[in-house]
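**Q** Build me a structure from this.
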Amino acid sequence: MKDLSRLFGRLILVTALVFSVGFVAAGGKAEEPAVSAEGAVSRPDLVVGVQKNPPVLEPMRENSNVHQRVLYSIAETLIFIDYKENQKLIPGLATEWKRLDGKTLEFKLRKGVKFHNGEEMTAEDVAFSFGPERLFHKERGWTWAQMYLGNIEPPEVVDRYTIRIKSKQPDFLLEKRFAGYMSQIISKKAFLAANDWESWSRNVVGTGPYKLVEIKTGDYIKLEAFDGYWGEKAPAKTITFKVVPEVSSRIAGLKTGEFRSGCISG
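**A** Below you'll find the predicted structure:
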């Protein structure tokens, strides 16, 4: 079972994000979560003060810290990295994987995983995520795809929950590639239903504990807890990444309680 700390960790993985529900800056007093008469804990609305936000959230559109800190809460990879256990590779959207030979990985997918549009994730979605229509399309993310995943062949769907992915040349880092940047799985149906590439990039549909609500360029990105998530319940009801360029303003917001968390750098 995944613990809540890993869910929070998605928001701070590649930044110096000071993150904790109920956090108050130095000298302040920690706020206790609200508890109803029935004993239910009310999830907070979290506002995070950040220097900047990415303009889009499609994994192939940008490679930056500001992109990653939001994306990790929305879309997930087949394999996860446990950063508390020496970067150990652990099951993610795939429950298991094995090498069939020096160039081939076979993944067994987690059953019952839902995308934010309510559709179940299957091998078809994984094949599409790493397929030529999305990954190596010359007018889309071709440049980034070549850099990170240019060695892979189009995936082979074995059955609804089994998929094989081969590399063109032997690659001892292959498992880590499917745990890292650009390897997030997206909904094939949602991608194909989008009006165009730009529209999709601002309305990415993944499997993460939070779903994308709105991107307001230069102002904020808002996420909402996805109650259909396959893992632990998201600890905050909503998360808003609010753009506050000045460090002093972000610190002041922490002290006054305007922000429940703040990114001091990055």
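
**Q** just the strands in this protein please.
**A** 17-18, 45-50, 79-82, 88-91, 94-101, 104-109, 156-159, 162-166, 210-216, 220-225, 238-243, 261-263 (DSSP state E).

**Q** okay, and the helix or strand of the chain with the least pLDDT?
**A** Least confident helix or strand of the chain, by mean pLDDT, DSSP states H and E, is strand 17-18 with a mean of 36.

**Q** Roughly how far does the closest residue to residue 88 other than its chain neighbours sit from residue 218?
**A** In this structure, residue 88 finds its nearest non-sequential neighbour in residue 82, 4.5 Å apart by Cβ to Cβ, 6 or more residues apart in numbering. From N, CA and C alone the C-beta is placed, and that goes for glycine too. Distance of residue 82 to residue 218, computed by Cβ to Cβ, to the nearest Å: 35 Å.

**Q** could you show me where the helices are in the stretch 101-250 of the chain, in order?
**A** 123-129, 142-149, 174-177, 188-193, 197-201, 247-256 (DSSP state H, counting those that start in this stretch).

**Q** Return the most buried member of those helices.
**A** Highest mean neighbour count of the helices of the stretch 101-250 of the chain: helix 123-129, a mean of 21 (counted as mean count of other Cβ atoms under 10 Å).

**Q** And the pLDDT for residue 167?
**A** Residue 167 carries a pLDDT value of 94.

**Q** what about it, how many neighbours?
**A** 19 (other Cβ atoms under 10 Å).

**Q** Over to the one 5 residues further on?
**A** A count of nearby residues for residue 172, using other Cβ under 10 Å, gives 8.

**Q** Same check on residue 52?
**A** Neighbour number of residue 52 under other Cβ under 10 Å is 15.

**Q** and stretch 207-220, which residues are buried?
**A** By 16 or more other Cβ atoms under 10 Å, the buried positions in stretch 207-220 come out as 207-212, 215, 220.

**Q** And the furthest pair within these?
**A** Across the buried residues of stretch 207-220, no pair lies farther apart than 207 and 220, at 23.1 Å, counting by Cβ to Cβ.

**Q** In this structure residue 200 contacts residue 192, no?
**A** No: with contact defined as Cβ atoms under 8 Å, residue 200 does not count as touching residue 192 (9.1 Å).

**Q** How about the contacts made by residue 59?
**A** 71, 75, 141, 181-184, 186, 204 (Cβ atoms under 8 Å, 6 or more residues apart in numbering).

**Q** Apply 6 Å and report the result again.
**A** 182, 184 (Cβ atoms under 6 Å, 6 or more residues apart in numbering).
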